[in-house]
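S.K.: sequence plus predicted model, see below.
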There are 2 protein chains.
Amino acid sequence: MTNIHDIARLSGYSVSTVSRVINHQKYVADEKRAKVEAIMRQLDYVPNRVARDLSNGQTKTIGVVMPYANHPYFARIIDGLVSAAFAAGYKITLLPTNYDLTIERRYLDQLRSKAYDALIFTSRSSSLETLEKYRKYGQIVLCEDPGDDRPLAAAYTDREASYVNALQWAQHHGFNSMGVVLSRNNIISASTRVTRSAYQQVYGKLDSRNLFVGAVTYEDGYRAGEYFAQLQPGVDAVFTNGDDIGAGVQQYYLDHRLAPIPTIGQENLLSSRLLKFSTIDHHLEALGTAAFKLATGQTTTHELIKSEFIRR
Amino acid sequence: MTNIHDIARLSGYSVSTVSRVINHQKYVADEKRAKVEAIMRQLDYVPNRVARDLSNGQTKTIGVVMPYANHPYFARIIDGLVSAAFAAGYKITLLPTNYDLTIERRYLDQLRSKAYDALIFTSRSSSLETLEKYRKYGQIVLCEDPGDDRPLAAAYTDREASYVNALQWAQHHGFNSMGVVLSRNNIISASTRVTRSAYQQVYGKLDSRNLFVGAVTYEDGYRAGEYFAQLQPGVDAVFTNGDDIGAGVQQYYLDHRLAPIPTIGQENLLSSRLLKFSTIDHHLEALGTAAFKLATGQTTTHELIKSEFIRR
DNA sequence: GCTTGACCTGGGACCGGTTTCATAACTTAA
DNA sequence: TTAAGTTATGAAACCGGTCCCAGGTCAAGC
């Protein structure tokens, strides 16, 4: 493999000069610049990325921590992230956790080892305190509202407002007993906290009988549908944590020839369009883009993305 | 930032010894190993990833070239890829191209610069000749059948067999005029080539009037549906290049109160389940896993994944 | 007693770049 | 005429690791 020293030797100039040519710096005589460039072309030389990264102390790479790679919620965020990173000449590395604390810790240590310039947590299991501890090793961006006075950067959607808005709309349409589907029943999960809070504001205390926990996929939603269909007294609508899950709920009712159950989904995916139920679009691509800008320090420390309630 | 020299100095031993401790090599006295480990813990030391990569001449990172990040076809491949990479201690970096040749070339040059150990092309615009030229800089894996005697590694599904199988099934059910939807009408696109070939085998020459090109999303599929609905003489079924596109076709017919049009999709996504049309599952996660193994040289140079026709 | 081999250790080259600094020539302004 | 600034260049330190090799100790085998 040919390196910068080879180019220097063959051109007769110093490594410094070659480096200047590579980086398009001034203070290189035109004639020497031309000769060095010619030799680089001739030898088919490309500077070693890793060596430059070591010397520069940065990798222009951002690690994106997420529980699962193939989930529409994260896929949409990643989409925005990848576009923004591409435009800025950054690379995105995918870091799956399956919500495992040990694995999250491993990625934090990789940040410490300078493998990434920044870490974006699209979701997390670690405590805020843990994340803050690692802040000094690189930028850390959250995709949730960490609350006041937290030193971590964060991009998030106005979930609470949009949830309240959607639930009020449902209540106004006469749905008085609302089922709720969540992924994790966990204080660490921002979406869980916010859903509970919004429900509380509109419907009052959430009876745990009206709650189905542990839904991530369509199949989970189908099981949630089964749960609600058999519930006595039943619910007359369901608020779900995702369109595909909502689709599962509806499909259960459909398959069992029950009266259709009004459903509110999230993410505005194809499934809610096909089944024509209302949904909340959190504009997750924009969330990803905002998170990227925070990660590279282009923006202030907090960024709010407006969510949109889509009535169907 | 504390480095290996600090640890060496503070422990009173040499850098070599510290390095041995870090890498759990033998030939270090127990007492020294213990002391070095204590000091590393105390100083909260983590070896610099980039420096190790430079010295080792590898990054344990694999670049995944794909046209769009947020498309279910690529998302499923990436899912398999990320899981396999995680299990093997590798990192996956996403490289979007939007099918731009210049951008693909940029990624090939990054392979040359040793930024990645290998490159996986989930789809491509570059010619095979171009890719082969870069082979010497690192492993290059294709997600299509490159044909005989090509020096590139490849993981692919038995598309042709599954297409022929699906089309024969359709013909057997009395569908004699079959519409076809493609993404790109391009010899470089393996899926286009194979679709044409399979169609030829079952239905004979493909009349371009029965062909709709340029479909990637649901909306594109909807437009394809409009096209076929107005076609005279019409088609009595449609073979599409993806479930979401198939869903678009069906939805157009539904929205316009036309008789439902039998559709064959691909990828076995939620949309084909909800709308209950047949599809071909290419087991793309397995494809991703296989591609990863090829990229790291764990497997031979070609890997065939069986596709599955799902009748609905 | 001497060879052999396993165990242990540190110096220093090496991976491939960037950057600081010293030096020098050549302008320009006072 | 001289001080100050601009342009141009290379030596060498530096980023933070890995690893080869030379040198030393010590016990087993003959």
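M.R.: Everything's here; your move.
S.K.: please enumerate the strands of chain A.
M.R.: In chain A, the strands defined using DSSP state E lie at A:61-66, A:91-96, A:118-121, A:139-142, A:153-157, A:178-182, A:211-213, A:237-239, A:263-266, A:278-281, A:302-305, A:308-310.
S.K.: now do the first one against strand B:61-66, angle only.
M.R.: By that I understand strand A:61-66. Between strand A:61-66 and strand B:61-66, the angle comes out at 80 degrees (axes from the mean of the first three to the mean of the last three Cα atoms, to 10 degrees).
S.K.: what about A:Gln250, how many neighbours?
M.R.: 26 (other Cβ atoms under 10 Å in any protein chain shown). Where C-beta positions appear, they are placed from N, C-alpha and C, glycine not excepted.
S.K.: what about the residue nearest to A:Gly138 when sequence neighbours are not counted, neighbour count?
M.R.: Residue nearest to A:Gly138 in three dimensions, not counting chain neighbours: A:Leu111, with 4.8 Å by Cβ to Cβ, 6 or more residues apart in numbering or on different chains. A:Leu111 has 22 neighbours, counted by other Cβ under 10 Å.
S.K.: touching, A:Leu111 and A:Leu119? I think so.
M.R.: Yes: A:Leu111 is within contact range of A:Leu119, at 5.0 Å (criterion: Cβ atoms under 8 Å).
S.K.: thinking again about what came up before, which one of the strands of chain A lies closest to chain B?
M.R.: Ranking those by proximity to chain B (Cβ to the nearest Cβ) places strand A:91-96 first, at 5.0 Å.
S.K.: what pairs with that closest one, parallel or antiparallel?
M.R.: Paired neighbours of strand A:91-96 in the sheet (DSSP bridges): strand A:61-66 (parallel), strand B:91-96 (antiparallel).
S.K.: what about the last one, average pLDDT?
M.R.: Strand B:91-96 shows a mean pLDDT of 98.
S.K.: quick one: it to chain centroid distance?
M.R.: 11 Å (Cα atoms, centre = their mean, to the nearest Å).
S.K.: same question for stretch A:258-271.
M.R.: When distances are taken as Cα atoms, centre = their mean, stretch A:258-271 is centred 23 Å away from the chain's centroid.
S.K.: just the buried positions in that stretch, please.
M.R.: A:Ile261, A:Pro262, A:Thr263, A:Ile264, A:Gly265, A:Gln266, A:Glu267, A:Asn268, A:Leu269, A:Leu270, A:Ser271 (16 or more other Cβ atoms under 10 Å in any protein chain shown).
S.K.: can I get it in PDB, CA atoms only?
M.R.: Taking Å, rounded to 0.1, in the frame of the first residue of the first chain, the C-alpha atoms of stretch A:258-271 are listed here in PDB:
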ATOM      1  CA  LEU A 258     -66.700  -7.800  15.600                       C
ATOM      2  CA  ALA A 259     -67.700  -4.200  15.100                       C
ATOM      3  CA  PRO A 260     -64.700  -2.200  14.000                       C
ATOM      4  CA  ILE A 261     -62.900  -0.500  16.800                       C
ATOM      5  CA  PRO A 262     -61.800   3.100  16.400                       C
ATOM      6  CA  THR A 263     -58.100   3.300  16.800                       C
ATOM      7  CA  ILE A 264     -55.400   5.900  17.100                       C
ATOM      8  CA  GLY A 265     -52.000   5.000  15.900                       C
ATOM      9  CA  GLN A 266     -48.700   6.700  15.700                       C
ATOM     10  CA  GLU A 267     -46.100   7.400  12.900                       C
ATOM     11  CA  ASN A 268     -48.400   7.700  10.000                       C
ATOM     12  CA  LEU A 269     -47.400   4.500   8.300                       C
ATOM     13  CA  LEU A 270     -48.900   2.700   5.400                       C
ATOM     14  CA  SER A 271     -51.000   0.500   7.700                       C
END
